[in-house]
Every structure is written in C-alpha cells, then in structure tokens.
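>>> Give me a model of this one.
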Amino acid sequence: MKNEKFSISSYVHTRKGGYAAPRSLAEKHTEVLVSSDIEHSEENHSFNQWVEEIRSELAAAKGRNEEEKQRYNETLNRAILGYEEDRGKLLALIHDLVVKRRLKDLPPGTRNYESLPEAIFAEIIGLNVLELVLKQKEGLEEIQVVGQNIFEVRNGYALPSVHRLPSLRDLERIQQNLVLFNNDSLNPRKKWAEVMLRDGSRVTMTGFGFTAEPTLTIRFYTMKRFELDSLAHPEQSTIDPSMKVLILCVIRAYFNMVVIGPTNSGKTNLLKACIAEMDDNERIITMESRFELNLKRDFPHKNIIEYEVDEEDSRHSGKQAFKLALRQSPKRICQAEIRDEDANLYVRACTRGHEGSITSVHVNTLEDVPDAIADMCLLDGRGVDPTRLTKRITQYVTQIGLEMAVVNGKRKVMRIGEYSYEKGEIRVTVLAYFDATADQWTFPGKLSEYASTKIKHFDPQGFIKLQQLGWIQC
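Sure, this is the predicted structure:
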C-alpha cells in the first residue's frame with residue numbers, strides 16, 4: 001500500500017486514541033502545506049547553522065605570523081567593502097569549506113543564487129542593497145547609512161540614494177561582520193567601532209543607544225596621486241597655476257601652514273600635495289591619535305616617522321611621543337588635523353624651531369583658526385595667558401592659511417592668507433581669493449616684508465617669480 005504523507009492532525013488524533021476520520025481534499029492540502037513549511041523551516045535552520053559555522057571559521061585569524069594574519073583580515077574587510085579581487089578570494093574559500101562539509105542543496109529563500117557557496121557568501125560577506133551602490137563606484141567617495149536610509153557622496157556632495165536597506169537587521173549584520181573580522185566589538189557595552197584599511201578606506205559604525213539609529217559610514221580612499229601640478233590642472237582646478245608658484249615658495253621657505261574647510265572639501269589631498277613637494281631627505285614626523293595621513297604608504301621614499309599616540313597609556317602618550325620625536329631630529333611636523341588632545345603638542349613643535357610644518361583645523365574661516373587652536377590648548381587647565389597664547393599661535397603656528405570648499409562639484413582653494421598679529425588683533429592678508437560668481441581667482445594682497453625676505457633667502461628663484469606675479473612689495 002502506498003504510504004501517505006505524514007499528517008500532524010492524524011498523528012495527534014491517533015495518539016489520543018481517537019478515530020481518524022477520512023480527510024477532505026482541503027484538509028489533505030493544508031496538511032501538505034504544513035508539512036512543507038516544517039521541511040522548509042528545518043532546511044533554513046540548517047542553512048543558518050552552516051552560515052554561522054563558516055562565519056566562525058572565516059573569523060579565525062589565519063596566518064603563520066601577525067603580518068599574514070593582518071593581511072587575511074584585510075582581505076575579509078575589503079571583500080565586505082566591495083573590492084572584487086578580495087571577494088573572489090573569499091568566494092573560493094567559502095566554496096572549499098562547503099565542499100569540505102559535503103553540503104549540497106540550496107534551501108528555500110536562497111534559490112535565486114546559482115550555488116550554495118554564493119548563498120552563504122551573500123549572507124556573510126554581501127552588503128545587501130549596498131552592493132547595488134558599489135556597482136556605480138566611479139566617483140563614489142562615501143556611503144553614509146543612517147538606519148535604513150542610504151546617502152551617496154560624490155564630488156563632495158551627499159545625495160539620497162535610490163536604494164534603501166530592507167531592515168535595520170541588515171545594517172546590524174553588516175556591522176557585526178566588520179567588527180568580527182577585526183577582533184573588535186559593537187554591543188550594548190561598546191556601541192561604536194572603526195575599521196581602517198591599509199589603502200586608507202575607513203569604516204565608522206555606531207549602534208543603538210549611542211546614536212538614535214545604527215549608522216555606517218564607508219569613506220573610500222579615492223586618490224593616489226598627490227601633486228600640486230595635478231591640483232592646478234584644468235581637470236581639477238583646485239588651484240590656479242600662479243597659486244602653485246606661491247604655495248611652492250611657502251613650502252621651500254619653511255612657513256608653518258594650516259588648511260581649513262568642511263568635510264570632503266579636499267583638505268587631506270591638499271596636505272599631501274604639499275608634503276609631496278617637500279625635500280625627500282628632510283625628516284618628517286607625524287603624531288596622531290590614529291593613523292590618518294599614512295604618509296609612509298604614499299611616500300615610501302621619504303624620511304618619515306609616524307607616531308600613533310594613546311593618551312590613556314602614559315607609555316605611548318602624545319607627551320612621550322613628543323619627547324622621542326625631538327630626539328629624532330625632525331625638520332617638519334605634519335598632522336592630519338589638530339584635535340583637543342593634540343593641540344598643545346603641535347603648538348610646542350611649531351614654536352620650538354620645527355618650521356615648515358602643516359596641519360588642518362575644523363573651523364569656518366581663516367580668521368577663526370588661532371583662537372580655535374588656543375581654546376583647544378587651554379582645555380588641559382594650564383595657567384596660560386589666553387591673549388599671549390593666541391598671539392604666539394598666530395605668529396608661529398598659523399603663518400599661512402589655505403581655506404577650501406566645494407564649488408559646483410569641484411574642490412577649490414577659496415583663499416590663501418598670510419597671518420599677522422597687530423594691535424591685539426588677528427589679521428589675515430588675503431593673497432588669493434576665488435570669486436564663485438565670476439568663477440575665477442583674484443589676487444588682492446601682497447606678502448609682508450618679513451615673508452618676502454624669508455622667501456628671498458630660501459628660494460631666490462621663487463622670489464623672482466612672485467615679483468613677476470605681483471605678490472612681492474616693490
């Protein structure tokens with residue numbers, strides 16, 4: 001006799017000693033559906049179990065030494081962030097793990113994938129609808145996710161994406177994959193995490209309780225050439241060719257420079273373009289709370305030492321790094337951005353003979369820079385005269401300022417100014433100014449006698465060019 005499909009209702013009725021009445025076609029159809037759902041549920045449970053097993057195996061750092069383990073974790077991170085070569089490596093690795101376990105069938109809900117390894121890859125590595133954003137990676141600078149909403153940053157502007165995450169769970173899964181592969185955590189005790197890749201791409205994540213909704217910001221490393229020539233090229237038009245001459249003279253004459261501008265306005269690229277023009281043999285030292293400039297990566301031939309300080313560890317604090325740095329004969333100090341804990345260190349470096357240093361500050365205008373740095377310095381509670389401190393910063397730390405912005409989708413140096421402190425006030429002589437209305441630069445000011453003399457001493461040929469361009473007072 002042909003065996004009938006297992007029926008829950010018949011089974012329960014029989015166990016109770018009751019009589020199993022003949023079933024209607026509707027009842028039989030319902031029982032088949034229930035049985036099918038149970039099978040699907042069991043299959044999905046197995047699939048989820050496979051995913052977790054393979055996820056755990058991938059998360060176990062592989063390599064014979066720390067360098068190999070770091071490279072392996074880098075591959076995992078890059079695969080999640082959409083780098084095709086690394087995704088191919090991970091898919092091949094997952095395929096081997098599936099074959100090793102002799103897993104075969106695709107469970108319900110994953111039948112749109114061609115193979116089980118691809119279905120598992122999508123669950124562990126895939127970025128859900130962010131994959132669709134990454135397909136249009138040309139010109140993509142950042143992906144910003146707030147809850148389910150996605151924003152794409154291109155040419156310095158953030159615009160809503162046409163895509164949206166299906167649920168918060170999808171965002172949290174991506175977050176957990178990234179922290180898992182970095183031996184980090186994002187949980188109720190620690191509600192944030194950061195991942196930095198060797199190529200400069202950075203991921204910043206927050207969870208519920210720290211922000212109202214979970215967030216994910218992926219900032220891609222997009223530029224690999226750092227030259228003033230490139231910035232002056234018509235394709236970029238970040239600076240005017242004559243401004244390139246001025247900036248070169250400022251670098252060669254060892255003026256301390258500061259760059260300001262909003263996020264994504266190109267501050268770091270300008271900093272590195274200036275550093276690229278510095279003498280390769282001059283000792284450059286960076287002191288940062290986290291590596292941001294990555295100068296040794298971009299300029300392997302330069303004489304660079306990079307410090308990553310930890311203010312919570314006295315053995316590796318900024319103070320300790322500064323002591324060591326002074327013994328390493330630094331010529332210039334370069335800092336991605338002055339923050340509260342870095343301010344005093346950077347000011348001390350600039351006022352103790354390390355001319356030609358460069359940094360950036362988050363303020364609105366060039367005129368605000370000295371006061372902003374002075375405020376950061378005063379946070380440590382030292383008994384310092386604020387007026388005297390501001391004067392010293394104006395004279396020795398912020399000698400030349402460059403102000404950046406994004407205009408019509410292009411990054412521009414809006415102003416170049418020389419600082420001075422006169423009659424108790426901060427003054428900025430504007431040497432170059434971008435008129436957005438006329439879409440061109442104007443050059444209203446002239447260098448001070450002090451600046452002209454300094455440039456003439458260190459860069460005689462540059463001094464002659466500046467004379468011809470009208471920046472030197474006759």
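
>>> okay, CA-based contacts and neighbour counts for the rest of this
Will do.

>>> what element comes up after the helix or strand hosting Leu270 heading to the C-terminus?
Of the helices and strands defined by DSSP states H and E, Leu270 is found in helix 267-276. Using DSSP H and E, the helix or strand that directly follows helix 267-276 along the chain is strand 284-288.

>>> In the stretch 201-350 of the chain, where is pLDDT below threshold?
Using pLDDT under 70 as the threshold, the predicted model of the stretch 201-350 of the chain has low-confidence ranges 222-225.

>>> isn't Asn177 right up against Glu123?
No. Judged on Cα atoms under 8 Å, Asn177 makes no contact with Glu123 at a distance of 9.8 Å.

>>> what's the helix holding Leu270 packed up against?
Identification of packing neighbours for helix 267-276 by 3 or more Cα pairs under 8 Å, 6 or more residues apart in numbering; DSSP states H and E yields helix 228-232, helix 241-252, strand 257-260, strand 358-361.

>>> Nearest the geometric middle of the protein, what residue?
Arg202 (3.3 Å; Cα atoms, centre = their mean).

>>> For the residue lying closest to Glu311 once chain neighbours are set aside, give me its contacts.
Excluding the flanking residues, the one nearest Glu311 by Cα to Cα, 6 or more residues apart in numbering is Ser317, at 4.6 Å. With contact set as Cα atoms under 8 Å, 6 or more residues apart in numbering, Ser317 has these partners: 309-311.

>>> Quick one: buried ones out of the residues you listed?
Neighbour-count burial within those applies to 309-310; the criterion is 16 or more other Cα atoms under 10 Å.

>>> Specify which member of the contacts of Ser317 is nearest to Arg169.
Asp310 (33.5 Å; Cα to Cα).

>>> you'd agree that closest one is in a helix?
No. Applying DSSP: H, G, I helix; E, B strand; the rest coil, one finds Asp310 to be coil, outside a helix.

>>> residue contacts, it?
Here Asp310 is in contact with 289, 316-318 (criterion: Cα under 8 Å, 6+ apart).

>>> which stretches of the stretch 351-474 of the chain have low pLDDT?
Where the stretch 351-474 of the chain drops to pLDDT under 70, the residues are 381, 474.

>>> which SS class is His163?
Each residue gets one of three states, and His163 gets strand by three-state DSSP.

>>> about what we covered before: phi, psi of the residue nearest to the centre of the chain?
Main-chain dihedrals, Arg202, degrees, to the nearest 10: phi -130, psi 140.

>>> any idea how far it is from Ser242?
Counting by Cα to Cα, to the nearest Å, the separation of Arg202 from Ser242 is 34 Å.

>>> How about Thr75?
Here the distance between Thr75 and Ser242 works out to 43 Å (Cα to Cα).

>>> The two: who's more crowded?
When neighbours are counted by other Cα atoms under 10 Å, Thr75 and Ser242 differ, and Thr75 comes out ahead with 20 against 15.

>>> wouldn't that one be in contact with Asp86 here?
Yes. Contact status for Thr75 versus Asp86: in contact at 5.5 Å, counting by Cα under 8 Å.

>>> quick one, helices of the stretch 301-450 of the chain?
Counting by DSSP state H, counting those that start in this stretch, residue ranges of the helices within the stretch 301-450 of the chain are 318-326, 343-351, 369-378, 386-396, 449-458.
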